[in-house]
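*Asks:* when you get a sec, could you give me coordinates for this:
(4 chains)
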2 protein chains.
Amino acid sequence: MVEPGRRPTIADIAREVGVTKGAVSFALNGRPGVSADTRARILAAAERLGWRPSTVARSLSNLRSGSVGLVVTRTRSLLGVEPFYMRLIAGLERALHADGRSLLLAVTEHPEDAAEIYRAWWSERRVDGLVLTDLRTGDPRLAAVTDLGIPAVVLGVPGPLPGLSAVTGDDGPTLHAALDHLAELGHRWIARVSGPSEFAHAARRHAGFAAAHRARFGTEPLQTTTRYVSDQVLAATRELLDHPEPPTAIVYDSDLMAVTVVGSAAEVGIRVPADLAVLAWDDSPLCELVRPRVTAFAHDIDADGATAVSLLLDQLATGTPGHAALSPRTLRIRESTTG
Amino acid sequence: MVEPGRRPTIADIAREVGVTKGAVSFALNGRPGVSADTRARILAAAERLGWRPSTVARSLSNLRSGSVGLVVTRTRSLLGVEPFYMRLIAGLERALHADGRSLLLAVTEHPEDAAEIYRAWWSERRVDGLVLTDLRTGDPRLAAVTDLGIPAVVLGVPGPLPGLSAVTGDDGPTLHAALDHLAELGHRWIARVSGPSEFAHAARRHAGFAAAHRARFGTEPLQTTTRYVSDQVLAATRELLDHPEPPTAIVYDSDLMAVTVVGSAAEVGIRVPADLAVLAWDDSPLCELVRPRVTAFAHDIDADGATAVSLLLDQLATGTPGHAALSPRTLRIRESTTG
DNA sequence: GACCAGTGATATACCGGTTTAGCACAGCGA
DNA sequence: TCGCTGTGCTAAACCGGTATATCACTGGTC
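*Replies:* Purely as a prediction, here's the structure:
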């Protein structure tokens, strides 16, 4: 019998059944080397004692932790509004849980701290792999991960990266679709408010948007860059509207930006969409919270999270990184463009 | 020398310095049993080799995992808007990180699943303790945690619970402050829209609000219960306003509810606050996103998270649960009540 | 009857730490 | 000189699994 309070180990099972730990391990892991009869008795004993494997012990002998790490690198204030991360976390966790793994989470403000956490997690053997997102230009995390050889998957990059798995996506079609939608509504002079240029995706979209606008309308569009903070977004918008030839529509780099502008449009004396059509890059419930509701490009974060996890697990199993595509973005047309 | 790619272990350090693993362990953990000189040489070697303790190995011999678990029990759709959880996670993680621990996270829809995850985590020795929040009435998680004797801290309960640490808070003062604020503005007939009654705090506030309203105005207030979903919140609001004597103000159980109502007030033909003053229980950036901005009771989620963590760590160290108070709620007056 | 292959188990090492028992030796007092 | 105590270290067990080498035994083949 196992004394109460202590949790049963395979040694307890072995004693119960009258075999060795090795035999128990084989039986519980469903591998050959034990007779069907013994296997059944071992499984029964495990069941009866309420045995569960100690992940810690298993990890030590596997040299694998069973966890995947995510460091959310955002200011605390932004985390309070930006729905993206919570949804990504939920998506990742769901996929990991299905594989019996778990998600280790940290929150920092700076990418340098994130790189430091990666180093610590890796050398302390807390994680088997990492999920990276929101890459900055010259992101120190990338160097840390490749230097240490940590298996990792990067979410939302334009193309493959050496040694890393990646969920890639091309912003081109989305940018064209945005301009198509606005052109159909009669817009010919469309500006863009970009997130901080330190974000790699913001920089990419800058070039992509200019190209798409040139192709569609033959002109070089106005673009401005701002932090995600409310007053800066408003200032950036005002700056664009104060232009001698103000744009009739603005594409914002995030749902939060667009929602902020729509929320305070009346105060600034802008009517949306009469004076200004507003379109958001990411969709979220926020877009349905304000009036007019915000037209946005939705994508399936759950699916992207699941894709990332499956690539990472493949890489952990095979040793070679893989690639897959981000879920396509679909335009959710709402009143901030159509009235 | 350590072969490249392999991460150094205390055995490597021991070999370098010419002592045994035991001596290295003593030196690195700053305990007596090694001379100052040997200790210095060991620390230098550890530094030089870039040694970091394997948390897995340490856990196995400690029988402690170094992680604390949180299961977020909310529907996926709600996680996309409700800012509370992301802020709580950030707060908990910050406090845990400061103690060298980490946060293990899972996401489920039902409390029963959460209880099952607790069981699994505990028997697999993945966590040392748990953080519980958003207790339901008759919550199966409570039974699971106490049955298994898992150290845990509960966030947001009215009073101590046997065997568990708790961060407690009394809604009374907040409810009175809400009514005071509205009474000052001339309101005498105030209703409340409650979150689902399965949530223990919703049920408590129901009774508390009725008592406060009776004490303040001598009348029994209208109260209705709804899910957090947008159309149901609107329906609940409409129901209250269709009352023969419609209330002039409504207190909503969450920021999301209040923001939803303010967002779509115009469509329903309500002017806020002229026809209806709106007050939200929780504050969040959402309240500043819509117009008019929503008056709300703010509390310091970061601080509450830190309190919870410190209680839990104390309990892990001493074996006895502790108690502390939630951070006080402060009224953030905005235009949804004052115009 | 000797040889061989396959089966089903045991014994044991191992993962990387922590911890305990024990040992060699120095310093000190009587 | 003997005994005693404390210091500084070694050796080895241990945590709970996994993995490998080995062995006894059975049955089939030539």
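*Asks:* residue nearest the centroid of chain A?
*Replies:* Residue closest to the average C-alpha location in chain A (C-alpha atoms, centre = their mean): A:Leu88, at 4.7 Å.
*Asks:* that one and B:Ile117, how far apart?
*Replies:* For A:Leu88, the distance to B:Ile117 (C-beta to C-beta, to the nearest Å) stands at 20 Å. In short, each C-beta sits where N, CA and C put it, glycine included.
*Asks:* for A:Val251, give its distance to chain B.
*Replies:* A:Val251 sits 19 Å away from chain B, going by C-beta to the nearest C-beta, to the nearest Å.
*Asks:* my read is that residue is in a strand, agree?
*Replies:* Yes. Looking at A:Val251 with DSSP: H, G, I helix; E, B strand; the rest coil, it is inside a strand.
*Asks:* tell me, how many residues neighbour it?
*Replies:* Residues contacting A:Val251 under the criterion other C-beta atoms under 10 Å in any protein chain shown number 29.
*Asks:* so it sits against A:His176, correct?
*Replies:* No. Contact between A:Val251 and A:His176 fails when scored by C-beta atoms under 8 Å: they sit 11.7 Å apart.
*Asks:* ok, A:Phe297 - contacts?
*Replies:* By C-beta atoms under 8 Å, 6 or more residues apart in numbering or on different chains, A:Phe297 lies in contact with A:Thr174, A:Ala177, A:Ala178, A:Leu279, A:Ala280, A:Trp281, A:Asp282, A:Asp283, A:Arg329, A:Thr330, A:Leu331, A:Arg332.
*Asks:* ok, now with 7 Å
*Replies:* For A:Phe297, the contacting residues are A:Thr174, A:Trp281, A:Asp282, A:Asp283, A:Arg329, A:Leu331, by C-beta atoms under 7 Å, 6 or more residues apart in numbering or on different chains.
*Asks:* DNA strand C: which of the residues you listed is nearest?
*Replies:* When these are ranked by distance to DNA strand C (C-beta to the nearest atom of the strand), A:Asp282 comes first, at 42.1 Å.
*Asks:* how near is that closest one to DNA strand D?
*Replies:* Here the distance between A:Asp282 and DNA strand D works out to 42 Å (C-beta to the nearest atom of the strand, to the nearest Å).
*Asks:* repeat for A:Arg125
*Replies:* A:Arg125 sits 13 Å away from DNA strand D, taking C-beta to the nearest atom of the strand as the criterion.
*Asks:* now that residue: closest residue in space that isn't a chain neighbour?
*Replies:* B:Ser54 (4.7 Å; C-beta to C-beta, 6 or more residues apart in numbering or on different chains).
*Asks:* residues near the one you found, how many?
*Replies:* For B:Ser54, using other C-beta under 10 Å, the count is 20.
*Asks:* per-residue confidence at it?
*Replies:* What the model reports as pLDDT for B:Ser54 is 91.
*Asks:* for the contacts of A:Phe297, pick the one with the most neighbours.
*Replies:* With neighbours defined as other C-beta under 10 Å, the most crowded of those is A:Trp281; it has 26 neighbours.
*Asks:* for the residue of the stretch 101-250 of chain A found nearest chain B, give me its contacts.
*Replies:* Closest contact between the stretch 101-250 of chain A and chain B, by C-beta to the nearest C-beta, is at A:Ser123 (3.7 Å). Counting by C-beta under 7 Å, 6+ apart, A:Ser123 makes contact with B:Arg7, B:Arg52.
*Asks:* send the alpha carbons of stretch A:37-44 over as PDB?
*Replies:* In PDB, the C-alpha atoms belonging to stretch A:37-44 read as follows (Å, rounded to 0.1, in the frame of the first residue of the first chain):
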ATOM      1  CA  ASP A  37      -1.000 -10.400 -19.200                       C
ATOM      2  CA  THR A  38       1.600  -8.600 -17.200                       C
ATOM      3  CA  ARG A  39       0.900  -5.400 -19.100                       C
ATOM      4  CA  ALA A  40      -2.800  -5.700 -18.100                       C
ATOM      5  CA  ARG A  41      -1.900  -6.300 -14.400                       C
ATOM      6  CA  ILE A  42       0.400  -3.300 -14.500                       C
ATOM      7  CA  LEU A  43      -2.200  -1.000 -16.100                       C
ATOM      8  CA  ALA A  44      -4.800  -2.200 -13.600                       C
END
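*Asks:* just the buried positions in it, please.
*Replies:* When burial is assessed from 16 or more other C-beta atoms under 10 Å in any protein chain shown, stretch A:37-44 yields the following buried residues: A:Thr38, A:Arg39, A:Arg41, A:Ile42, A:Leu43.
*Asks:* can I get the residues you listed in TSV with distance to chain B?
*Replies:* Putting the buried residues of stretch A:37-44 into TSV (distance: C-beta to the nearest C-beta, whole Å) gives the following:
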residue	distance to chain B
A:Thr38	24
A:Arg39	22
A:Arg41	21
A:Ile42	18
A:Leu43	16
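*Asks:* can you give me the buried ones in the lowest-mean-pLDDT helix or strand in chain A?
*Replies:* Among the helical and strand segments of chain A, the one scoring lowest on mean pLDDT, DSSP states H and E is helix A:76-79, with a mean of 85. Of the residues in helix A:76-79, those buried under the neighbour-count criterion (16+ other C-beta under 10 Å) are A:Arg76, A:Leu78, A:Leu79.
*Asks:* so what does the residue nearest to the first one when sequence neighbours are not counted have for phi and psi?
*Replies:* Residue nearest to A:Arg76 in three dimensions, not counting chain neighbours: B:Ala90, with 5.7 Å by C-beta to C-beta, 6+ apart. According to degrees, to the nearest 10, the main-chain angles of B:Ala90 amount to phi -60, psi -40.
*Asks:* nothing else from me, thank you.
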